[in-house]
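**Q** let's see this in three dimensions:
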Amino acid sequence: MHKVVVLYPEPADREAFVSYYESTHLPLAEKLPGMLAWRYTVNVSPVPDGSPAPFFAVFEADFPDAETYRSAMASPEGQAVGADVPNYATNGATVFDYEVSGGSDA
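**A** All right, here's what the predicted structure looks like:
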């Protein structure tokens, strides 16, 4: 299993971010070929000391392997997803991916 995580810092306008993200960006992301599952939140909890979390939103996606993920992002659908990010993520996004090791299903 290969996981992709996208972290979004606080945007200039939360309502605009959520509206665009849910109505436009996520439907684009759903079309990524080979993606097994995805989930997101715009309700990141504060850190344990009560200060705001460094990220406003989190997106996660699962792919069977790194090659499938890289092929998905190189596809026309993946290119559309990447090109769309500046349309709503006013403070950018941090993307990382990794092979999942160990763990269990709850």
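
**Q** every contact and neighbour count from this point should use C-alpha atoms.
**A** Will do.

**Q** what segments of the protein are strands?
**A** With DSSP state E as the criterion, the chain has strands at 2-8, 37-41, 57-63, 94-99.

**Q** next, the angle strand 2-8 makes with the last one.
**A** Relative orientation of strand 94-99 versus strand 2-8 (axes from the mean of the first three to the mean of the last three CA atoms, to 10 degrees): 160 degrees.

**Q** which other residues reach strand 94-99?
**A** Here strand 94-99 makes contact (CA atoms under 8 Å, 6 or more residues apart in numbering) with 1-8, 65-66.

**Q** neighbour count for those - can I get that in a markdown table?
**A** Converted to a markdown table, the contacts of strand 94-99 look like this (neighbours: other CA atoms under 10 Å):
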| residue | neighbour count |
| --- | --- |
| Met1 | 12 |
| His2 | 19 |
| Lys3 | 21 |
| Val4 | 18 |
| Val5 | 18 |
| Val6 | 16 |
| Leu7 | 18 |
| Tyr8 | 20 |
| Asp65 | 16 |
| Ala66 | 17 |
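
**Q** for Asn43, list the residues it contacts.
**A** Shown in contact with Asn43 (CA under 8 Å, 6+ apart): 56-57.

**Q** helices along the chain, start to end?
**A** Taking DSSP state H as the test, the helices found in the chain are 14-20, 26-29, 66-74, 76-84.

**Q** which strands or helices does the last one pack on?
**A** What it means is helix 76-84. Packing partners of helix 76-84 (3 or more CA pairs under 8 Å, 6 or more residues apart in numbering; DSSP states H and E): helix 26-29, helix 66-74.

**Q** in JSON lines, list those helices along with distance to Ser19.
**A** Written out in JSON lines, the entries for these read as follows (distance: least, CA to CA, whole Å):
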{"stretch": "helix 26-29", "distance to Ser19": "10"}
{"stretch": "helix 66-74", "distance to Ser19": "23"}
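
**Q** how about those in JSON lines, adding mean pLDDT?
**A** As requested, those are arranged in JSON lines below (pLDDT from 0 to 100):
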{"stretch": "helix 26-29", "mean pLDDT": "97"}
{"stretch": "helix 66-74", "mean pLDDT": "98"}
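
**Q** quick one: closest of those helices to Pro48.
**A** Minimum separation from Pro48 across those (CA to CA) falls at helix 26-29, 29.4 Å.
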